[in-house]
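Novice: Prediction below, plus the sequence it came from.
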Amino acid sequence: MSQELRAVDWTGTGLALLDQTQLPHRTGTVNVQDVDTLVDAIRRLVVRGAPAIGAAGAYGVALALLQGEREGWSKAEVRTAVARIREARPTAVNLMVCVDRVMTRFADGLGAVLEEAAAVQREDVEANRAMGAFGADWLLKKAREDRPLRILTHCNTGALATAGWGTALGVIRELHARGRLEVVYADETRPLLQGSRLTAWELVQEGIPHYVQADGAAAGTVLRGEVDAAIVGADRIAANGDTANKVGTVGVALACAYAGIPFLVAAPTTTVDLATATGDDIHIELRGEDEILEWAGVRTAPAGSRGHNPAFDVTPGRLVTALVTERGVLEVSAGELPGNRLP
Ligand SMILES: CSC[C@@H](O)[C@@H](O)C(=O)COP(=O)(O)O
């Protein structure tokens with residue numbers, strides 16, 4: 001992705017969010033000047049991906065302060081508005097962590113809040129670069145044969161989903177930069193085709209060879225031996241390594257375990273939630289039924305059908321071969337649990 005196109009940008013007076021519901025056919029931004037618009041943008045997936053919504057939430061604190069000044073809010077009213085941003089989506093812990101981090105500077109005023117939000121954004125890019133190198137090193141060390149790798153990924157974890165570069169897609173970009181990537185299988189991803197619209201768009205920008213495939217094709221592709229490893233991102237990782245990520249991820253992990261190939265999760269430590277013991281305690285966002293009962297706004301399921309639309313699922317830690325963070329790689333299924341290794 002060109003450096004100019006960032007998922008989240010502070011304009012000086014508000015947020016410019018690259019409208020990810022319109023990509024790849026339209027490159028537009030949503031200008032956000034108030035808290036209601038930000039909450040709506042996060043819920044509609046205008047901005048999405050755990051680290052990107054973390055960055056949007058971080059700047060959201062500044063947005064709430066500015067709106068509060070314009071509309072004469074009390075400090076308590078600003079805090080209530082910030083709490084609404086913090087709860088806009090429930091699964092990605094980055095949103096809460098980043099908002100809470102910036103709120104530690106709340107009493108110091110707008111300048112301090114903006115400084116902290118910028119640090120959130122900058123550190124995320126640095127973390128992603130580090131993860132890219134750690135993940136690529138690990139994969140190449142473990143590779144059974146000395147040839148470029150075939151990697152499967154699910155959802156979008158690239159520059160669009162982060163402050164820049166990407167997590168799982170950052171590892172993929174690093175492999176490509178080292179000349180060690182043959183091809184990527186990008187699962188199309190529900191509900192908004194994040195894989196076929198966004199991951200594919202980023203891969204095209206990078207000149208990375210890839211196939212878009214239906215989510216339902218992933219297990220077959222793995223079992224046919226067409227994939228060397230899968231790499232995904234995460235929205236929340238529990239202390240025991242259980243990982244919430246885009247719905248469909250657990251099926252990829254099961255297929256990898258069956259085929260005996262590595263299943264990697266790449267995520268910054270801001271996604272690791274040591275206060276959550278296991279995946280059972282992760283709140284999985286249940287989205288509106290229409291997203292699954294309709295196609296492009298037109299009802300496809302018969303009247304009378306109900307929709308079940310969880311945005312995420314939980315992959316048990318014992319299926320996670322390795323967790324790549326900016327601090328290094330934990331071999332989770334071999335017993336290196338985040339709760340023991342990351343405090
Ligand atoms: C680096 S993004 C990691 C995860 O947030 C990503 O894999 C994912 O599941 C995103 O879901 P989304 O619903 O598009 O926000």
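Specialist: Arrived safely.
Novice: how about the residues of the stretch 201-343 of the chain near the ligand?
Specialist: By CB under 6 Å from any ligand atom, the part of the stretch 201-343 of the chain that sits against the ligand consists of 232-235, 245-246, 311. For every residue, glycine as well, the C-beta is placed using N, CA and C.
Novice: Quick check, the residue in the stretch 201-343 of the chain closest to the ligand?
Specialist: The stretch 201-343 of the chain approaches the ligand most closely through G233 (2.8 Å), counting by CB to the nearest ligand atom.
Novice: quick one: which of the residues of the stretch 201-343 of the chain next to the ligand has the most company?
Specialist: Of all those, G233 has the most neighbours under the rule other CB atoms under 10 Å, reaching 32 neighbours.
Novice: Between all of the residues of the stretch 201-343 of the chain next to the ligand, which two are separated the most?
Specialist: When these are compared pair by pair using CB to CB, the two farthest from each other are V232 and A311, 14.2 Å apart.
Novice: where does the protein have low pLDDT?
Specialist: 1-4 (pLDDT under 70).
Novice: Looking at it, which residue reaches furthest from the middle?
Specialist: Note on the chain: the largest separation between a C-alpha and the mean C-alpha position, by CA atoms, centre = their mean, falls on G72 (35.2 Å).
Novice: Need phi/psi at it.
Specialist: phi 70, psi 40 (degrees, to the nearest 10).
Novice: just C98 next, same as before
Specialist: phi -70, psi -40.
Novice: Nearest spatial neighbour of it, chain-adjacent residues omitted?
Specialist: In this structure, C98 finds its nearest non-sequential neighbour in G54, 3.7 Å apart by CB to CB, 6 or more residues apart in numbering.
Novice: quick one: that neighbour and R89 touch, right?
Specialist: No: contact criterion CB atoms under 8 Å: G54 and R89 do not qualify, at 10.6 Å.
Novice: More neighbours: which of these two?
Specialist: Neighbour count, other CB under 10 Å: between G54 and R89, G54 has more, with 28 against 23.
Novice: Which strand residues bridge the nearest residue to L169 once chain neighbours are set aside?
Specialist: Taking CB to CB, 6+ apart as the measure, L169 lies nearest to G158, with 3.6 Å between them; neighbours along the chain are not counted. Beta-bridge partners for G158, by DSSP bridges, are G166.
Novice: So G158 is in contact with E202, correct?
Specialist: Yes: using CB under 8 Å as the test, G158 is close enough to E202 to be in contact (4.2 Å).
Novice: Who are the packing partners of the host helix or strand of F134?
Specialist: In the assignment (DSSP states H and E), F134 maps to helix 110-142. For helix 110-142, the helices and strands in contact under the criterion 3 or more CB pairs under 8 Å, 6 or more residues apart in numbering; DSSP states H and E are strand 8-10, helix 50-71, helix 93-103, helix 168-177, strand 263-266, strand 322-325, strand 328-330.
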